[in-house]
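Undergrad: Predicted structure and sequence below. I'll ask about it afterward.
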Amino acid sequence: MKRTLATLQTGRAQSRRPAGFTLVELMIVVAIVAILAALAYPAYTGHVLKARRAQAKADLVEYAQLAERWHTVNNTYQGFSLPVTQSPREPGATARYALALDNVTATTFTIVATAQGDQAEDRCGNLSITHTGAKARTGTAPLSECW
């Protein structure tokens with residue numbers, strides 16, 4: 001088999017072709033990943049805050065019901081205490097809200113969930129519920145978003 005000048009040049013050109021990605025291609029991929037991360041991370045953290053808030057709301061409502069049962073039996077809210085003072089209440093879980101009774105009298109009570117740690121960044125702030133079922137928050141978000 002006889003090699004011509006054309007096949008030698010073609011063979012050399014093919015052997016010199018670099019393998020892999022160029023720097024421009026790599027930078028385009030990095031830019032796309034950065035844009036996706038910039039959009040996804042805030043949505044993710046917002047969802048996490050909302051999920052933790054939902055747990056605290058469930059705990060507040062449950063403890064308000066316990067207080068009502070106490071009142072039904074004892075005809076007063078005095079003497080009632082919360083079974084757990086943190087939310088979530090599972091053993092070993094990181095406390096996202098501190099739960100406390102406030103303004104306890106014979107006829108009234110307020111249960112307050114105070115945001116702690118990363119949860120303090122939540123726009124709803126601290127949550128509370130009263131003996132009448134009135135729900136409140138200390139943050140800037142609308143009440144309908146928080147409760």
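TA: Received, thanks. In this text the structure is predicted, and so the values were computed from the model without any measurement. Numbers count the residues shown, from 1 in each chain.
Undergrad: ok, which stretches of the protein are helices?
TA: Along the chain, the segments classed as helices by DSSP state H run 5-15, 23-74, 143-146.
Undergrad: Quick check: which ranges of the chain have low pLDDT?
TA: 1-18 (pLDDT under 70).
Undergrad: Generate a markdown table for the helices of the chain, with mean neighbour count as supplementary columns.
TA: In short, each C-beta sits where N, CA and C put it, glycine included. Shown next, in a markdown table, are the helices of the chain (neighbours: other Cβ atoms under 10 Å):
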| stretch | mean neighbour count |
| --- | --- |
| helix 5-15 | 9 |
| helix 23-74 | 13 |
| helix 143-146 | 12 |
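Undergrad: got a markdown table for those helices, with distance to residue 91 too?
TA: Shown next, in a markdown table, are these (distance: least, Cβ to Cβ, whole Å):
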| stretch | distance to residue 91 |
| --- | --- |
| helix 5-15 | 66 |
| helix 23-74 | 15 |
| helix 143-146 | 27 |
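Undergrad: To residue 90, which of those helices lies closest?
TA: helix 23-74 (9.7 Å; Cβ to Cβ).
Undergrad: Quick one: list the elements packing against that closest one.
TA: The contact analysis (3 or more Cβ pairs under 8 Å, 6 or more residues apart in numbering; DSSP states H and E) places helix 23-74 against strand 86-87, strand 97-102, strand 110-115, strand 127-130.
Undergrad: can you list contacts of the third one?
TA: Right, the one you point to is strand 110-115. Strand 110-115 is touched from outside by 56-57, 59-60, 63-64, 67, 82, 87, 96-104, 122, 124-131, with contacts defined as Cβ atoms under 8 Å, 6 or more residues apart in numbering.
Undergrad: and the residues you listed, which are buried?
TA: 56-57, 59-60, 63-64, 67, 87, 96-97, 99, 101, 104, 122, 124-131 (16 or more other Cβ atoms under 10 Å).
Undergrad: right, and the helices of the chain - which one's nearest residue 135?
TA: With Cβ to Cβ as the yardstick, what comes closest out of these is helix 143-146 (7.0 Å).
Undergrad: So which other helices or strands are in contact with the closest one?
TA: So helix 143-146, by 3+ Cβ pairs under 8 Å, 6+ apart, packs with strand 135-137.
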